[in-house]
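Visitor: Predicted model and sequence follow; I will ask about them next.
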Amino acid sequence: MAIPAKPPRNWWLWGGAGGFLLAMTVWSAHGIGFSLNELFCNMGMGSRLLNESFPPDFAFLPRLFGPFMETLYIAIIGTVVGGILAIPIAVLAARNLSLGKLVWFADRNFMNILRTLPDLFWAMLFAAAVGFGPVAGALALSVFTIAVISKLWSESLEAIDMGLPEAVRAAGGSWLQMVKFGALPQALSQYVSYTLYAFELNVRSSMVLGLVGAGGIGMILETQRANFEYERVTMIILAVLVAVLIIEQISESIRKRLA
């Protein structure tokens, strides 16, 4: 049996695409004022920073327990509240389940607004509204979770088999019954998977939100950085890294069981 010949590679296309990307990169680097000379000249400062950051201050570790638990609380509240509120938004954003084109259009644009504004903006906004602290962080992550889950899950809902929902409607069921008994069970595993993914993101994001006064371990990280306690900064980063890796492994094992 003859081996089929490999399709010819379009080297002109690949070369053109590579050249275009290279040109865009050089153009963008020029736009931000990137300079290799300045980069190499400042590498000495970077090495000094690394020397001051090691070894980590392990004696500082016990003081991280309280702030890290606050970070975890913020992530849990943001995931639970945002995950619940994302359900109706995702359903109405699914073209095959929405109550009409107008509702679908309005809901889609609402989702776009939530995704366009970053979590740091929401943290600063809620910090100004309710004051600095973990409550502002929890509210910001709730909005962030709504944006993440509603977008991902609405696409999963659009991909379901519409046979069962149409059968519920044909049997005299209401729109709500069609969604509850015909659509949601088909995409429930994806919802759980996306919620776990959002929780992983929230643990990371809650650390960043603390930099703007939204509570959690990010606030103590910013304090140590401002005081040039870089060995403590390294300890905080390592502690959060270990915690995130543990949470990610647990979440990944749960998602595999649901797959």
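Guide: Sure thing, it's come through.
Visitor: For A2, give me the pLDDT.
Guide: Here the pLDDT value assigned to A2 is 54.
Visitor: Please apply the same query to the one 5 residues further on.
Guide: Residue-level confidence at P7 comes out at 55, pLDDT.
Visitor: in the protein, which residue is closest to the centre?
Guide: Nearest to the centroid of the C-alpha atoms of the chain, with distances taken as CA atoms, centre = their mean, sits L201, at 4.3 Å.
Visitor: What about the closest residue to that one other than its chain neighbours, how many residues nearby?
Guide: Once its chain neighbours are removed from consideration, L201 has its nearest residue in V148; the separation is 6.7 Å (CB to CB, 6 or more residues apart in numbering). The C-beta positions use only the backbone N, C-alpha and C, and glycine is treated the same way. Each residue near V148 was counted by other CB atoms under 10 Å, and the total is 23.
Visitor: got a list of what V148 touches?
Guide: Remark: with contacts taken as CB atoms under 8 Å, 6 or more residues apart in numbering, V148 is in contact with G82, A86, Y194, Y197, A198, L201.
Visitor: show me where pLDDT drops low in the stretch 1-150 of the chain?
Guide: Low-confidence segments of the stretch 1-150 of the chain (pLDDT under 70): 1-9, 44, 46.
Visitor: would you put the C-alpha positions of stretch 142-161 in PDB?
Guide: Listed next in PDB are the C-alpha coordinates belonging to stretch 142-161 (Å, rounded to 0.1, in the frame of the first residue of the first chain):
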ATOM      1  CA  SER A 142     -18.500  38.200  43.100                       C
ATOM      2  CA  VAL A 143     -18.800  40.400  40.000                       C
ATOM      3  CA  PHE A 144     -15.700  38.800  38.500                       C
ATOM      4  CA  THR A 145     -17.100  35.300  39.100                       C
ATOM      5  CA  ILE A 146     -20.400  36.300  37.400                       C
ATOM      6  CA  ALA A 147     -18.400  37.500  34.400                       C
ATOM      7  CA  VAL A 148     -16.300  34.300  34.100                       C
ATOM      8  CA  ILE A 149     -19.000  31.600  34.700                       C
ATOM      9  CA  SER A 150     -21.800  33.300  32.800                       C
ATOM     10  CA  LYS A 151     -19.700  33.600  29.700                       C
ATOM     11  CA  LEU A 152     -18.300  30.000  29.800                       C
ATOM     12  CA  TRP A 153     -21.500  28.300  30.800                       C
ATOM     13  CA  SER A 154     -23.800  30.200  28.300                       C
ATOM     14  CA  GLU A 155     -21.600  28.700  25.500                       C
ATOM     15  CA  SER A 156     -22.100  25.200  27.100                       C
ATOM     16  CA  LEU A 157     -25.800  25.700  27.300                       C
ATOM     17  CA  GLU A 158     -25.900  26.700  23.600                       C
ATOM     18  CA  ALA A 159     -24.300  23.400  22.800                       C
ATOM     19  CA  ILE A 160     -26.800  21.100  24.600                       C
ATOM     20  CA  ASP A 161     -29.200  18.700  22.800                       C
END
